[in-house]
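J.: Structure here, sequence nowhere to be found:
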C-alpha cells in the first residue's frame, strides 16, 4: 500500500467523532514501531517529521523511501500519511519534492497577511499534487527542535481567514505546548476552541503537544472538532526509559546484548505500546 494524503482521514474522523494519531519519527525504530502499532490496532496513522528529524534522517526523500520500504516489508495495509510537522515555507516545498503525502506549513510566526499569502500559494500547489495541507494560527509553545517559547491562543477571526483558503486541517493554539507540561499549566482553553469551531465550521482541527494533556481534556477536545492529535514527547520518553532500564539491568553485558538491534528492541516495543495507548485514547482503533 502506498502513502496517502490525510484529507480523507480527517474527513472520516470528523464524521466519526474520533481523532487520528500523529506520531513523530525520530529514527528507524520509530518508523517500525508506529507502523506496526497502527497495523495491529487497525488504525489510520500520520507519521510526522520535523525539520530537525529531516536533517538527522537524511532528508525528505530518504525518509519517504525508508517509510515506503518498511510499509512493503511489513505488509502494512492501513492508511499511512507522511507529514511535515511545523514546516517552514522552504521545508514544505522540499518535502513536496521529496515525496511526502501531507505537509504542515507553520506560518504562525508571520504577520497574518503573510501567513495567508504563503498558505494560499501552498493550497493551490497541494491541490495540484494531491497532497493534504495543514496550516497554523497562534504559535504552539514549549520546546521544538531546541527552541523554547510560550504558547498562545489563536485569534478565531484569523483562524477563519486561514480556514477559508481551503486548507485540509487547521492547528490553532489553545494553550497547548510542545514537550513536558509544567506543573502550573492551566489546561486547554476550551472557550477559545469553541469560538474557533463556531467560525471554521467543519474544518478538522489539530491539537499539537498531545503528550501530557490529561485524557479527559483530550477527549473533550475531540468532541469539539479536533480530528488529529500530535504525540512525540511521551513516545520518546517511553523509548528512552526502556533503553535506560536495559542498561541498568546489565543486559548489554549478557551474551550478545551489546548488539545494536538487541539493545533497541525493548525501546521499540515501549514506543509501540505508547502509540497503541494513544490510538485507543483517540478512538481511531478499528477505523482503518
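T.: That came through fine. Worth saying up front: this structure is predicted, and the values here are computed from it rather than measured.
J.: A strand includes residue 103, no?
T.: Yes: the assignment for residue 103 (DSSP: H, G, I helix; E, B strand; the rest coil) places it in a strand.
J.: Give the full set of residues in contact with it.
T.: Residue 103 sits next to 83, 84, 87, 92, 95, 96, 122, 126, 131, 132, 133, 134 when contact means Cβ atoms under 8 Å, 6 or more residues apart in numbering. Every residue, glycine included, has its C-beta placed from N, CA and C.
J.: among these, which are in strands?
T.: Members of the contacts of residue 103 lying in strands (criterion: DSSP state E): 83, 84, 132, 133, 134.
J.: just those now: which is nearest residue 262?
T.: residue 83 (31.0 Å; Cβ to Cβ).
J.: Tell me how far that closest one lies from residue 200.
T.: 20 Å (Cβ to Cβ, to the nearest Å).
J.: and those two? which has more neighbours close in?
T.: Neighbour count, other Cβ atoms under 10 Å: between residue 83 and residue 200, residue 83 has more, with 29 against 22.
J.: Neighbours of residue 99, how many?
T.: A total of 17 residues lie near residue 99 under the criterion other Cβ under 10 Å.
J.: Local confidence estimate at residue 190?
T.: On pLDDT, residue 190 comes in at 94.
J.: so what's it up against?
T.: Residue 190 touches 174, 220, 221, 224, counting by Cβ under 8 Å, 6+ apart.
J.: Check residue 122 too.
T.: Going by Cβ under 8 Å, 6+ apart, residue 122 touches 89, 92, 103, 105, 133.
J.: if we go to 7 Å?
T.: Shown in contact with residue 122 (Cβ atoms under 7 Å, 6 or more residues apart in numbering): 92, 105, 133.
J.: Direction included, what does the helix or strand where residue 171 lies pair against?
T.: Using DSSP states H and E, residue 171 maps to strand 169-172. Here strand 169-172 has these sheet partners by DSSP bridges: strand 132-137 (parallel), strand 205-207 (parallel).
J.: from the middle of its chain, how far away would it be?
T.: A distance of 12 Å separates the centroid of the chain from that of strand 169-172, by Cα atoms, centre = their mean, to the nearest Å.
J.: Averaged pLDDT, the helix or strand following that strand. What do you get?
T.: Following strand 169-172 in sequence order, the next helix or strand is strand 177-178 (DSSP H and E). Mean per-residue pLDDT for strand 177-178: 78.
J.: between the ones in strands among the contacts of residue 103, which is nearest residue 196?
T.: Lowest distance from residue 196 to these (Cβ to Cβ) belongs to residue 134, with 14.5 Å.
J.: Stretch 166-186 spans what distance, first to last residue?
T.: Using Cα to Cα, to the nearest Å, one end of stretch 166-186 lies 32 Å from the other.
J.: Next, the buried residues of the helix ranked longest in the chain.
T.: Criterion DSSP state H: the longest helix present in the chain is helix 260-282. Of the residues in helix 260-282, 263-264, 266-272, 274-279, 281-282 count as buried by neighbour count, 16 or more other Cβ atoms under 10 Å.
J.: coming back round to it: could you dump the ones in strands among the contacts of residue 103 into CSV and include distance to residue 60?
T.: As requested, the ones in strands among the contacts of residue 103 are exported to CSV (distance: Cβ to Cβ, whole Å):
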residue, distance to residue 60
83, 11
84, 8
132, 16
133, 16
134, 16
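J.: What about the closest residue in space to residue 223 that isn't next to it in sequence? Give its phi and psi, please.
T.: Nearest non-adjacent residue to residue 223, counting by Cβ to Cβ, 6 or more residues apart in numbering: residue 17, 6.7 Å away. Dihedral pair for residue 17: phi 60, psi 50, per degrees, to the nearest 10.
J.: For burial, what's the neighbour tally of residue 17?
T.: By the criterion of other Cβ under 10 Å, residue 17 has 11 neighbours.
J.: before we move on, what about residue 236?
T.: Around residue 236 sit 19 other residues, with neighbours defined as other Cβ under 10 Å.
J.: and if you look at residue 187?
T.: 12.
J.: and it, what is it in contact with?
T.: 175, 217.
J.: Assumed it was part of a helix.
T.: No: counting by three-state DSSP, residue 187 is located in no helix; its state is coil.
J.: Perfect, I'm done here.
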